[in-house]
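Peer 1: Give me a 3D structure for the following:
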Amino acid sequence: MQRLLAVLASVGAVWFGHSVPPRQIVPINLAVVGQGAIRVRLAAGVTTPCSSSNDKPIFDGSLTPGQYVFRTAAPSGCVEHTFGQFRDNQWSSPLILATLVETRNGSRLLNVTLSTEAPLN
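Peer 2: The predicted structure follows:
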């Protein structure tokens, strides 16, 4: 039965001219600005909070100010971070990232800036 479904899906894709493009690895550039370390959660998926069991964790840990690059083939992602005086439990609202957005030259990348002193806007 599974083989029949796979054959039908392949025939349907050829018949209707649709093909599934291979997933492109998309860099997510995180810039942390400010002073001191913050906690960051980055996940593949669209469910909030980013620690939801529906999302696949990419990174969950502490980062100090600087530039960081994470890579994903997921079509969307979720990021949230701590900030201010309570950096262990004061979380920003989650931000959903669309990794399918293309730049002018056809490449895909996301730039996200996180502040150690303020939540995501």
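Peer 1: Secondary structure element holding the residue with the shortest distance to the centre of the chain?
Peer 2: For the chain, the residue nearest the mean C-alpha position is G77 (2.5 Å; C-alpha atoms, centre = their mean). Taking DSSP states H and E as the definition, one finds G77 inside strand 76-81.
Peer 1: Quick one: list the elements packing against that strand.
Peer 2: Packing contacts for strand 76-81, counted by 3 or more C-beta pairs under 8 Å, 6 or more residues apart in numbering; DSSP states H and E, involve strand 26-33, strand 38-44, strand 95-98, strand 110-115. Where you see a C-beta, it was placed from the backbone N, CA and C, and this is true even at glycine.
Peer 1: Give me the contact list for that strand.
Peer 2: If you take C-beta atoms under 8 Å, 6 or more residues apart in numbering as the criterion, strand 76-81 is touched by 28, 30, 38-50, 52, 55, 58, 91-100, 110, 112, 114, 119-120.
Peer 1: could you flag which of those residues are buried?
Peer 2: Neighbour-count burial (16 or more other C-beta atoms under 10 Å) applied to those gives 28, 30, 38-46, 48, 50, 55, 58, 91-92, 94-95, 97, 99, 110, 112, 114, 119-120.
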